[in-house]
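Chemist: what shape does this take:
(one chain, ligands or ions: 1)
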Amino acid sequence: MITSIGTAAARRLQLLRMLREAGPAVLLGYASALLLGSVTPAATAAVLALLVSRLDTAATGSTLFDAALLPLALFGGVLLLGHLGDAAATPLEYLARSRVDGAQRARIARLVLAGPTVGALETPEVQAAVRGAIGDPDRGPDRTVGLGAVAALRRLAALAGAVASCAVLAGYAWWLLPVLLVPAGACGYLRFRQGVAVNETWRFADREELHADVWRQAVVSPSEGKDIRVFGLADWLVRRLQRHIDVANAPLWTVMLRIARGEWLPLLLVSAGLVPAYTAVTWSAVHGHSTVAVQTAVLAAGWSLVQALGSGGELLQITGANSALAGYDRLRGTLGGEAAALPDRGALPSPRQPAGGGPPLVRFEQVGFGYPGGARAVLDRLDLEIRPGELLAVVGLNGAGKSTLIKLLSGLYRPTSGRITVDGAELTARNTGSWRSRIAVVFQDFVRYQLSAADNVVLGAAHDRAALDLAARDAGFAPVLARLPDGWDTPLARSRTGGVDLSGGQWQQLVLTRALYAVRTGAQLLVLDEPTAHLDVRTEFEVFRRLAEHRGRTSVVLISHRLSTVRRADRIVLLDGGRITESGTHEELMARGGGYADLFTVQAERFAAAGVTE
Ligand SMILES: Nc1ncnc2c1ncn2[C@@H]1O[C@H](COP(=O)(O)OP(=O)(O)OP(=O)(O)O)[C@@H](O)[C@H]1O
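Modeler: So this is what the prediction gives:
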């Protein structure tokens with residue numbers, strides 16, 4: 001119990017410290033507004049007691065009015081200040097909360113993006129920690145740190161109000177303090193335990209919520225929407241979504257019901273303080289040992305004291321936000337190690353800087369690799385050399401590990417064994433950033449950003465229109481560009497005003513433009529994973545011809561299942577069983593009559609049967 005109270009106190013301090021992100025003016029204004037609002041009940045109690053005592057002792061007529069004038073004016077002042085405090089608190093709270101939340105989201109983004117590899121992001125634990133750290137209030141009892149931080153400040157203000165109520169009570173009947181404080185404190189602790197129980201139960205439901213999230217997104221996504229409608233999946237999907245939500249919420253309902261059934265306990269605790277206090281003061285007033293004024297003060301201050309200490313609203317917000325803090329700590333524990341290994345801790349990779357020097361010599365030396373959690377090794381003691389300026393093609397059957405090879409080359413995963421060297425230096429977390437400024441990669445599952453055509457190519461860097469136009473020409477994108485209503489500035493998303501969507505092949509040309517632009521602005525190794533899979537044969541031929549013009553100045557690694565394209569490469573390697581099993585020119589490999597020759601022959605026969613000439 002002491003540890004959990006200690007942890008909760010440390011978390012609350014952390015939340016309060018986060019309020020600095022709201023800025024000094026907002027924080028000061030908000031704290032003052034809360035303080036005004038929270039001492040109003042105690043001040044009201046004191047002023048009411050003054051009013052009653054004046055009326056009690058004054059005579060009738062004008063004297064009565066004179067006696068009531070000052071307390072009434074004070075009463076009006078207290079009400080006005082209390083109202084001003086409440087009115088200012090709402091917008092300032094919104095501002096403070098959103099600034100704290102904004103800063104937290106930026107911190108999470110930095111942490112997630114600081115690590116050079118993506119392997120950790122694929123684990124359910126990290127995804128759960130990211131969701132936990134964000135603290136989406138739409139999910140169960142999760143709360144954002146901003147909500148928790150303002151609730152922690154409201155709680156402090158409530159405590160200030162409680163102290164003020166204690167001062168009022170002590171002025172009339174000090175012995176009432178322990179009578180009211182002990183049960184109110186116990187009630188507060190009970191509410192805190194309830195909040196913890198709700199949050200701990202919710203954590204167990206997290207995996208179910210993750211499944212539910214996937215289906216929730218599928219329902220509103222236009223791409224999944226096609227499948228859902230065409231295959232008539234709507235009913236099935238909604239039932240599945242509902243089942244995940246039910247399973248996630250079932251334990252939570254149980255805890256909530258238990259709390260609701262136990263509501264007699266807080267009532268008992270509050271009554272245990274208030275009933276004896278009110279009885280004693282009333283008895284004392286009736287028997288002339290104290291005045292009606294004392295009774296008034298005790299009634300008002302006693303109630304506000306119990307309210308301030310025993311209410312559970314803020315505690316639920318705070319315990320919900322504590323989970324967000326714990327989620328962030330878990331995330332830092334998992335991702336922080338790799339991020340911390342970077343030269344500039346916390347700094348994100350900057351947009352591409354032109355790199356000096358010529359194309360690199362890259363070596364895979366006895367590289368082994370298996371995906372985290374994967375049962376089998378995808379690459380097994382693989383040796384491969386990418387020579388400066390060559391056009392190297394990598395071929396292999398589906399699932400052979402070609403894309404995996406590219407991900408390792410890009411530093412997105414680290415080899416499980418062996419090493420990758422660039423001009424003799426091993427590729428590590430430290431030099432991955434500078435290595436990436438030397439490479440340009442087109443992934444098979446490239447990203448279609450909802451940005452303008454130009455921004456989709458340069459991605460954060462300054463535009464160089466001449467280089468953009470040349471890259472578009474090389475990638476065969478120029479004719480598509482000419483038809484875009486606003487040229488390079490056209491948004492590539494139909495959901496945006498004036499936006500258009502591109503066909504699969506046109507997107508591929510745009511992404512090729514992205515890679516070729518990078519080459520024109522300094523990249524020395526171009527890596528293309530199935531870059532022409534969506535292109536028609538004529539466009540593919542033209543693109544390959546342009547690509548080949550870059551060889552010498554830039555090394556090119558090309559993965560393709562279209563062997564008619566691949567045959568023009570300087571060298572072809574066959575990936576099979578996690579290793580490079582064949583290497584040579586098209587003619588050499590055909591003469592050898594091995595795996596490559598088989599693949600090529602099968603493809604050539606298929607094309608011949610279909611009447612397609614190369
Ligand atoms: N992120 C991942 N997590 C776990 N396993 C993965 C992941 N990505 C790929 N794999 C597995 O690694 C193996 C190699 O996949 P990879 O995508 O590298 O093959 P490929 O040669 O590029 O195939 P294709 O020609 O079909 O594109 C496959 O068995 C695949 O299931």
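
Chemist: could you point out which element follows the lengthiest helix in the chain?
Modeler: Counting by DSSP state H, the longest helix found in the chain is helix 62-114. Next in sequence after helix 62-114, counting helices and strands by DSSP states H and E, comes helix 124-134.

Chemist: in the helix or strand immediately after that following helix in the chain, what's buried?
Modeler: Using DSSP H and E, the next helix or strand after helix 124-134 towards the C-terminus is helix 145-173. Across helix 145-173, burial judged by 16 or more other CB atoms under 10 Å covers 145-158, 160-162, 164-166, 168-169, 172-173. C-betas here are computed from N, CA, C, even on glycine.

Chemist: and for stretch 587-599?
Modeler: By 16+ other CB under 10 Å, the buried positions in stretch 587-599 come out as Leu589, Met590, Gly595, Tyr596, Ala597, Leu599.

Chemist: need the max-distance pair from these.
Modeler: Greatest spatial distance in these: Met590 and Gly595, 11.5 Å, computed using CB to CB.

Chemist: sheet partners, orientation included, of whichever strand or helix holds Leu392?
Modeler: Secondary structure assignment for Leu392, by DSSP H and E: strand 391-395. According to DSSP bridges, strand 391-395 forms sheet pairs with strand 555-559 (parallel), strand 571-576 (parallel).

Chemist: just the angle between the following helix or strand past it and strand 555-559, please?
Modeler: Moving toward the C-terminus from strand 391-395, the next helix or strand (DSSP H and E) is helix 402-409. Calculated by axes from the mean of the first three to the mean of the last three CA atoms, to 10 degrees, helix 402-409 forms an angle of 150 degrees with strand 555-559.

Chemist: near the ligand, which residues of the stretch 351-500 of the chain?
Modeler: Residues of the stretch 351-500 of the chain lying close to the ligand (CB under 6 Å from any ligand atom) are Tyr371, Gly374, Val378, Gly396, Asn398, Gly399, Ala400, Gly401, Lys402, Ser403, Thr404, Gln444.

Chemist: redo that, cut-off 5 Å
Modeler: Near the ligand, the residues belonging to the stretch 351-500 of the chain are Tyr371, Gly374, Val378, Asn398, Gly399, Ala400, Gly401, Lys402, Ser403, Thr404 when assessed by CB under 5 Å from any ligand atom.

Chemist: the third one: how many residues sit nearby?
Modeler: I take that to be Val378. The number of residues packed near Val378 is 22, by other CB atoms under 10 Å.

Chemist: ditto for the last one
Modeler: Using other CB under 10 Å, Thr404 is surrounded by 20 other residues.

Chemist: quick one: contacts for the nearest residue to it once chain neighbours are set aside?
Modeler: Excluding the flanking residues, the one nearest Thr404 by CB to CB, 6 or more residues apart in numbering is Val378, at 4.8 Å. Contacts for Val378 (CB atoms under 8 Å, 6 or more residues apart in numbering) come out as Phe369, Gly370, Tyr371, Gly401, Thr404, Gly578.

Chemist: ok, 6 Å please
Modeler: Val378 is in contact with Phe369, Gly370, Gly401, Thr404, counting by CB atoms under 6 Å, 6 or more residues apart in numbering.

Chemist: before we move on, back to that, just send the strands paired with strand 391-395 back as TSV, with mean pLDDT, mean neighbour count and distance to Ala9 too.
Modeler: Shown next, in TSV, are these (pLDDT from 0 to 100; neighbours: other CB atoms under 10 Å; distance: least, CB to CB, whole Å):
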stretch	mean pLDDT	mean neighbour count	distance to Ala9
strand 555-559	91	25	56
strand 571-576	95	22	57
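
Chemist: pipe those strands into TSV and attach distance to the ligand per row.
Modeler: TSV is the format used below for the strands paired with strand 391-395 (distance: least, CB to the nearest ligand atom, whole Å):
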stretch	distance to the ligand
strand 555-559	7
strand 571-576	7
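
Chemist: let's have those strands in JSON lines, adding distance to Ala120.
Modeler: Shown next, in JSON lines, are these (distance: least, CB to CB, whole Å):
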{"stretch": "strand 555-559", "distance to Ala120": "25"}
{"stretch": "strand 571-576", "distance to Ala120": "26"}
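
Chemist: what's the residue nearest to Thr404 sitting at in phi/psi?
Modeler: phi -90, psi -40 (degrees, to the nearest 10).

Chemist: mind checking how far it is from Asp576?
Modeler: According to CB to CB, to the nearest Å, Val378 stands 12 Å off from Asp576.

Chemist: and the gap between the residue nearest to Thr404 and Ile406?
Modeler: 12 Å.

Chemist: again with Asp570
Modeler: Separation of Asp570 from Ile406 (CB to CB) stands at 18 Å.

Chemist: compare neighbour counts for those two and give me the winner.
Modeler: A direct count of neighbours by other CB under 10 Å for Asp570 and Ile406 places Ile406 higher, at 21 against 16.

Chemist: correct me if wrong: Ala471 contacts Tyr517.
Modeler: Yes. Counting by CB atoms under 6 Å, Tyr517 is a contact partner of Ala471 at 3.9 Å.

Chemist: could you list the low-pLDDT ranges of this protein?
Modeler: Low-confidence segments of the chain (pLDDT under 70): 1-5, 58-62, 310-312, 336-357, 606-614.

Chemist: sec struct for the nearest residue to Leu427 once chain neighbours are set aside, please.
Modeler: With CB to CB, 6+ apart as the criterion, Leu427 has its nearest non-adjacent residue at 4.5 Å, and that residue is Ile420. Of the three states, Ile420 takes strand under DSSP: H, G, I helix; E, B strand; the rest coil.

Chemist: how about the CA coordinates for stretch 360-380, as PDB?
Modeler: Provided in PDB are the C-alpha atoms of stretch 360-380 (Å, rounded to 0.1, in the frame of the first residue of the first chain):
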ATOM      1  CA  PRO A 360      30.000   2.900 -52.200                       C
ATOM      2  CA  LEU A 361      31.300  -0.700 -52.000                       C
ATOM      3  CA  VAL A 362      28.800  -2.600 -49.900                       C
ATOM      4  CA  ARG A 363      29.500  -6.100 -48.500                       C
ATOM      5  CA  PHE A 364      27.100  -8.600 -46.800                       C
ATOM      6  CA  GLU A 365      29.500 -10.800 -44.800                       C
ATOM      7  CA  GLN A 366      28.000 -14.100 -43.500                       C
ATOM      8  CA  VAL A 367      24.700 -12.300 -42.800                       C
ATOM      9  CA  GLY A 368      22.000 -14.200 -41.000                       C
ATOM     10  CA  PHE A 369      18.600 -12.800 -40.200                       C
ATOM     11  CA  GLY A 370      15.200 -13.800 -38.800                       C
ATOM     12  CA  TYR A 371      12.300 -11.500 -38.000                       C
ATOM     13  CA  PRO A 372      11.500 -10.900 -34.400                       C
ATOM     14  CA  GLY A 373       9.300 -13.700 -33.200                       C
ATOM     15  CA  GLY A 374       9.700 -15.500 -36.500                       C
ATOM     16  CA  ALA A 375      10.400 -19.200 -36.300                       C
ATOM     17  CA  ARG A 376      12.900 -19.500 -39.200                       C
ATOM     18  CA  ALA A 377      15.900 -17.600 -40.500                       C
ATOM     19  CA  VAL A 378      15.200 -15.800 -43.700                       C
ATOM     20  CA  LEU A 379      18.800 -15.200 -44.500                       C
ATOM     21  CA  ASP A 380      21.500 -17.700 -43.600                       C
END
